[in-house]
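1. next one to model:
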Amino acid sequence: MLMHNLEPTPVTYNLLINGLCVYGDLEDAGRLLVSLDDGNINLTKFAYPTLIKAHCAKGDVYRAVGLFLEMVEKGFEVSIRDYSAVINILCKRCRITEAKYFFCMMLSDGISPDQELCEVMLNVFDQGGDFDSAAELLSEMIKFGFHPD
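-> Down below sits the predicted model:
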């Protein structure tokens with residue numbers, strides 16, 4: 001692109017990050033994100049979720065959570081999918097307290113959970129012996145019209 005005097009856009013860089021993640025090259029994708037962040041490129045909200053999901057798929061909780069918090073700190077809009085990715089990987093790694101923290105953070109951000117995430121959290125509350133929270137969430141699910149399994 002540069003050889004043809006075409007300036008890459010943030011979308012171009014997001015596509016590069018996505019491609020690197022698809023091919024499992026998370027280190028290069030992370031380095032590209034850092035280099036763009038240090039430069040004059042205004043990243044879109046898509047670069048972070050792509051990397052977060054890739055690190056979750058790889059099982060790298062530490063990096064996924066770090067990128068999520070960095071995304072929030074930089075003021076990017078966070079979606080239910082972003083929260084779900086982080087909460088699910090935390091639950092898979094038995095990091096129940098942190099999963100609850102992010103679930104509460106999501107609710108305080110005004111983002112309503114979907115049925116799948118509610119069921120994940122019901123299991124978390126059940127495994128942790130937090131039956132009051134489970135009962136409260138179950139009643140909220142019914143109010144939202146969800147039908148828990």
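2. residues of stretch 13-20 that come out buried?
-> Within stretch 13-20, the residues that count as buried by 16 or more other CB atoms under 10 Å are 13-14, 16-18, 20. Bear in mind the C-beta positions are built from the backbone N, C-alpha and C, glycine included.
3. correction: the previous question concerned stretch 74-94.
-> 76, 78, 82-91.
4. one step back: tell me which of the buried residues of stretch 13-20 is nearest to Lys53?
-> Asn18 (9.9 Å; CB to CB).
5. skipping adjacent residues, who's closest to the closest one in space?
-> Spatial nearest neighbour of Asn18, chain neighbours left out: Thr50 (5.0 Å); criterion: CB to CB, 6 or more residues apart in numbering.
6. just the ones of the buried residues of stretch 74-94 in helices?
-> 82-91 (DSSP state H).
7. most widely separated two among the buried residues of stretch 74-94?
-> Phe76 and Cys91 (23.5 Å).
8. which strands or helices does the helix or strand harbouring Leu36 pack on?
-> For Leu36, the host element (DSSP states H and E) is helix 26-38. Applying 3 or more CB pairs under 8 Å, 6 or more residues apart in numbering; DSSP states H and E, we find helix 26-38 packed against helix 10-22, helix 47-58.
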